[in-house]
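[1] prediction below, plus the sequence it came from.
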Amino acid sequence: MTGKSTRAIHGHGYYDKTLGVFKLPIYQTVVFEHPEEGGVPRKGDRGFDLKYSREENPTVRGLERTIAELEEAPYSLAFSNGMSGISTLYLSSLQSGDTVLIGKESYGVTQELALDLSRFGIKTIFGGPETDALIERIDRNVRMVVVETMTNPLLRVLDINRIARRCKETGSRLVVDGTFTTPLLYRPLKNGAWVSLHSTTKYLSGHNDSLGGVVSINSEDDLQELWSMRRKVGSIITPFEAFLCIRGLATLEARFEAQSRTALKLANFLSSHPRIKEVFYPGLKGSPYRKVADRLFERRIYGGVLSFKVKGGQKKVMDVMKKTKVIKPAPSLGGVESLLTYPLLGPAMTMSEKLRQELGIDESLMRLSVGLEDEKDLEADLDAALRSS
């Protein structure tokens, strides 16, 4: 299989030749029968004998195989949500005395969790928000570097290839959160990253109806450590949520392409709107991140999320969120419904005022996740809300 959609649809590899079933079912079971010969599982054995679904499940395994196909990676592990994937990764990979470097503009809860590790003797530092400034902070004292391919909420595109080269020089482990870009645009494991991470809640599932996270990795030894920690902390995704994600993946390419095309049209529309101060989207010709995006991404699309600043400050922001009809005011992104988010009450809520000012996140900023509605309906909805008094 070479095509992305083919991998997304058939990557789980399931086929029951007795029944002629090629759709992976939900194995809603806790236990698996002991083998007749008894015995104990071998180290590294991820079979189902002598296990139950806190450790392994056939539906979950099908999801992991599909993600691995899309990432062109040997191994993937699925988790109950993106944060459980990050927390399990921290627990399995860090020890007292280690230092973690996190991009300044990244998901606030990822930052909070890393800072909480100080009670275990793990130090967290921050770098960025631009590529050069982040690279300057990577040295041999940094055990792990955590960055987002496209940052939230201002859509900066980091040069992950350069960051990966620096991490190789210092022996640091690079963790890349590709939730905004998906494996369709960029696959960090092919470019020197240690781990590729996604919140499947977003584009991979794609319907705003399931939670999940996934980690992909190249090393079998590192996989075993991560799997072992997942088994102990119980952070595996449920079979039903895994099934929903597998269903969503089948339409990932079609959805992401359509959402990206609409996002670019809306970004251009808003760029000339009299009620808008500034638009942030790497696909815009004037974006400072267009060149690095074109160099990194496998196709000339730029995702389905854009941000913009409205004239009138917070009062106008609240007014717009109340008056859109098609677009819903809600957190999250990547689903079929368009969602409007106020970053000060979402991804940037836990950031300090000083950091928000440095990043350019102020009370006039809004983030739009573009769904699959008709572009003209979304444009009219935004225009009416923005022009209302």
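    Everything's here; your move.

[2] can you pull the pLDDT of the residue lying closest to Ile327 once chain neighbours are set aside?
    With sequence-adjacent residues excluded and distances taken as C-beta to C-beta, 6 or more residues apart in numbering, Ile327 is closest to Ser338, at 4.5 Å. Every residue, glycine included, has its C-beta placed from N, CA and C. Listed pLDDT for Ser338 reads 98.

[3] same question, the one 5 residues further on
    Looking at Pro343, its pLDDT is 93.

[4] and the helices in this structure?
    Under the criterion DSSP state H, the chain contains helices at 4-10, 58-71, 82-93, 108-116, 131-136, 160-170, 182-185, 220-233, 239-249, 252-271, 290-296, 313-323, 353-359, 375-387.

[5] check the offset of the second one from the chain's centre.
    If I follow you right, that is helix 58-71. The chain centroid and the centroid of helix 58-71 are separated by 16 Å under C-alpha atoms, centre = their mean, to the nearest Å.

[6] by contact count, what packs against that helix?
    In this structure, helix 58-71 packs against helix 4-10, strand 75-79, helix 182-185, strand 213-217, helix 239-249, with contacts taken as 3 or more C-beta pairs under 8 Å, 6 or more residues apart in numbering; DSSP states H and E.

[7] apply 6 Å and report the result again.
    strand 75-79, helix 239-249 (3 or more C-beta pairs under 6 Å, 6 or more residues apart in numbering; DSSP states H and E).

[8] how is the chain carved up into domains?
    Domain ranges of the chain: 4-249, 252-387, per automatic domain parsing.

[9] tally of neighbours for Leu345?
    Neighbour count for Leu345, taken as other C-beta atoms under 10 Å: 12.

[10] for Met321, see how far away it is.
    Distance, Leu345 to Met321, by C-beta to C-beta, to the nearest Å: 10 Å.

[11] so what sits against both of those two?
    Shared contacts of Leu345 and Met321, defined by C-beta atoms under 6 Å, 6 or more residues apart in numbering, are absent.

[12] give the buried residues for the lowest-mean-pLDDT helix or strand in the chain.
    Least confident helix or strand of the chain, by mean pLDDT, DSSP states H and E, is helix 4-10 with a mean of 81. Within helix 4-10, the residues scored as buried using 16 or more other C-beta atoms under 10 Å are 4-5, 7-10.

[13] low-scoring stretches of the chain, by residue?
    Residue ranges of the chain with pLDDT under 70: 1, 34-51, 389.

[14] spatially central residue for it, please.
    The chain has Thr179 as the residue nearest its centroid, 2.0 Å off, counting by C-alpha atoms, centre = their mean.

[15] what about the closest residue to that residue other than its chain neighbours, distance to Phe79?
    The spatial neighbour of Thr179 that comes closest, neighbours along the chain excluded (C-beta to C-beta, 6+ apart), is Ser199 at 4.7 Å. Going from Ser199 to Phe79 by C-beta to C-beta gives 9 Å.

[16] same check, this time on Arg137
    Distance of Arg137 to Phe79, given as C-beta to C-beta: 28 Å.

[17] what about stretch 152-169, how long is it end to end?
    Chord length of stretch 152-169, first to last residue, is 27 Å (C-alpha to C-alpha, to the nearest Å).

[18] tell me how far that stretch lies from the chain's centre.
    From the chain centre to the centre of stretch 152-169 is a distance of 15 Å (C-alpha atoms, centre = their mean).

[19] now do it: everything it contacts.
    By C-beta under 6 Å, 6+ apart, stretch 152-169 touches 129, 131, 135, 138, 145, 147, 149-150, 174, 176, 188, 191-193, 280-282, 289, 292-293, 307, 343, 347, 367.

[20] now do stretch 190-200
    Residues outside stretch 190-200 that contact it (C-beta under 6 Å, 6+ apart): 71, 82, 161, 164, 173-179, 188-189, 204, 212-217, 245.

[21] and for stretch 115-128?
    Looking at stretch 115-128 with C-beta under 6 Å, 6+ apart, the contacting residues turn out to be 94, 96-104, 114, 134, 137.

[22] just the buried ones from the residues you listed?
    Neighbour counting by 16+ other C-beta under 10 Å classes 94, 98-104, 114, 134, 137 among the contacts of stretch 115-128 as buried.

[23] just those now: which is nearest Phe240?
    Lowest distance from Phe240 to the buried ones among the contacts of stretch 115-128 (C-beta to C-beta) belongs to Ala114, with 30.3 Å.

[24] beta partners of the residue nearest to the closest one when sequence neighbours are not counted?
    Nearest residue to Ala114 in three dimensions, chain neighbours excluded: Thr124, at 4.3 Å (C-beta to C-beta, 6+ apart). Beta-bridge pairing of Thr124 under DSSP bridges involves Val100.

[25] count residues in the vicinity of Thr124, would you?
    Counted with other C-beta under 10 Å, Thr124 comes out at 19.
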